[in-house]
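Okay, structure incoming, though there's no sequence with it:
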(Lines give C-alpha, C1' and ligand atoms only; values in the text may rest on other atoms or scores of the structure.)
Protein backbone atom coordinates (compact mmCIF):
# COMPACT_ATOMS: atom_id res chain seq x y z
CA UNK A 1 0.00 0.00 0.00
CA UNK A 2 0.96 3.60 -0.42
CA UNK A 3 1.83 5.93 2.41
CA UNK A 4 -1.03 7.28 4.47
CA UNK A 5 -1.75 10.83 3.25
CA UNK A 6 -3.43 11.64 6.57
CA UNK A 7 -0.42 10.71 8.69
CA UNK A 8 1.04 13.68 10.59
CA UNK A 9 4.52 14.81 9.59
CA UNK A 10 7.42 13.32 11.51
CA UNK A 11 9.95 15.79 12.86
CA UNK A 12 13.68 15.18 12.83
CA UNK A 13 15.28 14.35 16.16
CA UNK A 14 16.88 17.31 17.90
CA UNK A 15 20.66 17.17 18.42
CA UNK A 16 21.87 16.41 21.90
CA UNK A 17 23.53 19.57 23.20
CA UNK A 18 25.86 18.45 25.95
CA UNK A 19 28.98 20.08 27.36
CA UNK A 20 31.17 17.62 25.47
CA UNK A 21 29.57 18.38 22.12
CA UNK A 22 29.68 22.14 22.80
CA UNK A 23 33.37 21.85 23.63
CA UNK A 24 33.98 19.79 20.51
CA UNK A 25 32.10 22.29 18.32
CA UNK A 26 34.04 25.30 19.61
CA UNK A 27 37.32 23.42 19.26
CA UNK A 28 36.40 22.55 15.69
CA UNK A 29 35.70 26.20 14.88
CA UNK A 30 39.13 27.16 16.21
CA UNK A 31 40.68 24.43 14.12
CA UNK A 32 38.79 25.53 11.00
CA UNK A 33 40.13 29.06 11.49
CA UNK A 34 43.67 27.69 11.59
CA UNK A 35 43.01 25.60 8.47
CA UNK A 36 41.71 28.60 6.55
CA UNK A 37 44.58 30.91 7.48
CA UNK A 38 47.40 28.34 7.26
CA UNK A 39 47.88 28.50 3.44
CA UNK A 40 47.61 32.29 3.50
CA UNK A 41 50.29 32.49 6.16
CA UNK A 42 52.56 30.19 4.15
CA UNK A 43 52.19 32.40 1.07
CA UNK A 44 52.68 35.49 3.24
CA UNK A 45 55.90 34.08 4.63
CA UNK A 46 57.17 33.33 1.13
CA UNK A 47 56.40 36.76 -0.34
CA UNK A 48 56.42 39.23 2.54
CA UNK A 49 59.36 37.91 4.52
CA UNK A 50 59.65 38.67 8.22
CA UNK A 51 56.12 40.08 8.52
CA UNK A 52 54.81 36.89 6.94
CA UNK A 53 56.79 34.89 9.48
CA UNK A 54 54.92 36.65 12.29
CA UNK A 55 51.65 35.91 10.54
CA UNK A 56 52.62 32.24 10.24
CA UNK A 57 53.61 32.15 13.89
CA UNK A 58 50.20 33.56 14.86
CA UNK A 59 48.43 30.94 12.76
CA UNK A 60 50.55 28.18 14.28
CA UNK A 61 49.66 29.37 17.78
CA UNK A 62 46.00 29.41 16.73
CA UNK A 63 46.44 25.85 15.39
CA UNK A 64 48.08 24.71 18.63
CA UNK A 65 45.15 26.15 20.58
CA UNK A 66 42.71 24.30 18.31
CA UNK A 67 44.64 21.05 18.63
CA UNK A 68 44.78 21.30 22.42
CA UNK A 69 41.06 22.03 22.66
CA UNK A 70 40.15 19.25 20.25
CA UNK A 71 42.49 16.78 21.93
CA UNK A 72 40.93 17.62 25.28
CA UNK A 73 37.47 17.01 23.81
CA UNK A 74 38.65 13.63 22.44
CA UNK A 75 40.48 12.89 25.71
CA UNK A 76 43.87 12.26 24.09
CA UNK A 77 46.93 11.49 26.18
CA UNK A 78 49.55 14.18 26.83
CA UNK A 79 52.11 12.41 24.68
CA UNK A 80 49.74 12.28 21.72
CA UNK A 81 48.90 15.99 22.16
CA UNK A 82 52.62 16.83 22.22
CA UNK A 83 53.23 14.82 19.04
CA UNK A 84 50.31 16.52 17.31
CA UNK A 85 51.64 19.95 18.24
CA UNK A 86 55.18 19.11 17.09
CA UNK A 87 53.94 17.80 13.75
CA UNK A 88 52.05 21.06 13.22
CA UNK A 89 55.37 22.85 12.68
CA UNK A 90 56.19 20.71 9.62
CA UNK A 91 54.63 22.76 6.77
CA UNK A 92 52.50 20.36 4.72
CA UNK A 93 52.16 17.76 7.44
CA UNK A 94 50.64 20.40 9.72
CA UNK A 95 47.89 21.21 7.24
CA UNK A 96 47.13 17.53 6.64
CA UNK A 97 46.99 16.96 10.39
CA UNK A 98 44.54 19.83 10.87
CA UNK A 99 42.32 18.50 8.08
CA UNK A 100 42.29 14.97 9.57
CA UNK A 101 41.40 16.26 13.03
CA UNK A 102 38.64 18.39 11.51
CA UNK A 103 37.26 15.34 9.68
CA UNK A 104 37.23 13.34 12.91
CA UNK A 105 35.45 16.17 14.76
CA UNK A 106 32.91 16.47 11.94
CA UNK A 107 32.20 12.74 12.12
CA UNK A 108 31.71 12.87 15.90
CA UNK A 109 29.43 15.91 15.73
CA UNK A 110 27.30 14.44 12.95
CA UNK A 111 26.96 11.23 14.95
CA UNK A 112 25.66 13.35 17.84
CA UNK A 113 23.04 14.89 15.53
CA UNK A 114 24.68 18.28 14.85
CA UNK A 115 24.67 19.96 11.45
CA UNK A 116 28.21 20.64 10.32
CA UNK A 117 28.86 23.17 7.58
CA UNK A 118 31.94 24.74 6.05
CA UNK A 119 32.63 27.01 9.01
CA UNK A 120 31.72 24.70 11.85
CA UNK A 121 28.88 23.01 13.65
CA UNK A 122 25.54 24.11 14.96
CA UNK A 123 22.93 22.03 16.75
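Cool, the structure landed. Since this is a predicted model, take the numbers as computed values, not measurements.

mind listing the strands for the protein?
For the chain, strands defined by DSSP state E occupy the ranges 115-117, 120-122.

partner strands of the first one, parallel or antiparallel?
Sheet pairing of strand 115-117 (DSSP bridges) gives strand 120-122 (antiparallel).

residue contacts, the most centrally placed residue in the chain?
The structure's the chain has its C-alpha centroid closest to residue 28; by CA atoms, centre = their mean the separation is 2.9 Å. Residues near residue 28 by CB atoms under 8 Å, 6 or more residues apart in numbering: 70, 102, 105, 106, 109, 116, 120, 121. (C-beta placed from N, C-alpha, C; glycine too.)

so which two of these are the farthest from each other?
Farthest apart among the contacts of residue 28 by CB to CB are 70 and 116. That separation is 13.8 Å.

where does the longest helix anywhere in the chain sit relative to the chain's centre, distance-wise?
Secondary structure of the chain read by DSSP state H shows that its longest helix is helix 19-48. Chain-centre distance of helix 19-48: 8 Å, with CA atoms, centre = their mean, to the nearest Å.

and the gap between residue 54 and residue 122?
33 Å (CB to CB, to the nearest Å).

cool, residue 56 as well?
Noted for residue 56: a distance of 30 Å to residue 122, by CB to CB.

rewinding a little: could you pull out the buried residues of the longest helix of the chain?
For helix 19-48, the neighbour count (16 or more other CB atoms under 10 Å) marks 21, 24-28, 30-35, 37-38, 41-42, 44-45 as buried.
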